[in-house]
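1. Structure here, sequence nowhere to be found:
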C-alpha cells in the first residue's frame, strides 16, 4: 500500500532506497555498515527493500591509481568495471552478520524503455525480493554511453521505484532536508512537505553539481521525487546519516506527497 506519509515508512511493504557516491565511497565508506544496519532492520520487519547505490566509479578510482574522477567515458567505464565489484563486496560483507544476501542488478535507460527488457528486469527483481534477497541496483556504467546514461541515480531510483511498484522511495542526501534556497544562503528554510500539485517555481534548489566522486544535487532529487510522486509513490529526501530514523517513520527530511 502506497505510503501516504512519513509514518507509513515503518510499515511499508516495499521500499526503494537510493544512496549517492559521496555518502558511501572514499572517506565515507564507513557509512556502508551503518546504512546496511538500517536496511537490515527494515528487512527484518518484513519490508522488501531495494537499494539503488551509486559509487562504482568512485570505488574504482583508487584501484586504478587515479588522482580524480575521470572525465572521459572509457576511463569511467574502466573505473566502474573495477569499482562495481568492490562496491558489492563491501555491501555483502556488511550484510553477512544479518544473514542477508545481496543481488546485483545493473541497468541502462534502454533496459527500462524496451518492453521486453523492462519485463525481464521486473521479473528478476520480483524473484529476488520473493527469495528475500536485497537487490542492489546501479547504472551499468561499463556499457552506458553519454546518450543513454541516466545522468544521476536519483532518476534511476525513481524509475526503479516505478518498475517494482514500490510503496515509497527514500532519496538519501548529504543534508537533512531540502531548503527553500541553498542552505548556506541567508533566509534558507527547511521544507517539511511538498504537495503533489505544489508550485515549486519560487524555490531555488540549485543546478546539478559535480563533486570529486559523483554527480547530482538538490535539483536532481527534486526532479526524481516529483517523477515518482506523480506516479503515486511517496518520496522522502533526507540525510544518509538519518536513514534508520527515516525507515522507522520518524519526522525527518522533506516528504513529497504521492499523487492520488
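-> Nice, thanks for sending it over. Keep in mind that what you see is a predicted model, and the values were worked out from it rather than measured.

2. Any figure for the gap between residue 217 and residue 223?
-> Distance, residue 217 to residue 223, using Cβ to Cβ, to the nearest Å: 10 Å. C-betas here are computed from N, CA, C, even on glycine.

3. same deal with residue 101?
-> Residue 101 is 33 Å from residue 223, by Cβ to Cβ.

4. Look at these two and report which has more neighbours.
-> Comparing residue 101 with residue 223 by other Cβ atoms under 10 Å, the one with more neighbours is residue 223, at 16 against 13.

5. Residue 84 touches residue 136, doesn't it?
-> No. Here residue 84 lies out of contact with residue 136, judged by Cβ atoms under 8 Å, at a distance of 9.6 Å.

6. Please identify which of the two sits among more neighbours.
-> The neighbour comparison of residue 84 against residue 136 (other Cβ under 10 Å) goes to residue 84, with 24 against 21.

7. nearest residue to the more buried one other than its sequence neighbours?
-> residue 56 (4.1 Å; Cβ to Cβ, 6 or more residues apart in numbering).

8. Identify the contacts common to residue 84 and residue 136.
-> Both residue 84 and residue 136 are in contact with residue 104, where contact means Cβ atoms under 8 Å, 6 or more residues apart in numbering.

9. Going along the chain, name the helices of the stretch 51-200 of the chain.
-> 56-60, 73-95, 109-113, 115-130, 153-163 (DSSP state H, counting those that start in this stretch).

10. Buried residues of the longest one, list them for me.
-> By neighbour count with 16 or more other Cβ atoms under 10 Å, helix 73-95 contains the buried residues 75-84, 86-88, 90-92, 94-95.

11. so which strand or helix has residue 42?
-> helix 31-44 (DSSP states H and E).

12. That helix packs against which elements?
-> Helix 31-44 is packed against strand 14-19, helix 21-24, strand 48-53, helix 73-95, helix 243-247, with contacts defined by 3 or more Cβ pairs under 8 Å, 6 or more residues apart in numbering; DSSP states H and E.

13. Mean pLDDT lowest where, among these?
-> Least confident of those, judged by mean pLDDT, is helix 21-24 with a mean of 90.

14. Figure out how far it is from the centre of its chain.
-> From the chain centre to the centre of helix 21-24 is a distance of 11 Å (Cα atoms, centre = their mean, to the nearest Å).

15. which other residues reach it?
-> So helix 21-24 is contacted by 28, 31-32, 35, 53-55, 57-58, 172-174, 211, 213-214, 240 (Cβ under 8 Å, 6+ apart).

16. same thing but at 10 Å, please
-> Residues outside helix 21-24 that contact it (Cβ atoms under 10 Å, 6 or more residues apart in numbering): 28-32, 34-36, 53-59, 69, 83, 87, 90-91, 153, 172-174, 211-216, 239-241, 243.

17. residue contacts, the residue nearest to residue 84?
-> 21, 25, 76-77, 79-88, 106, 138-142.
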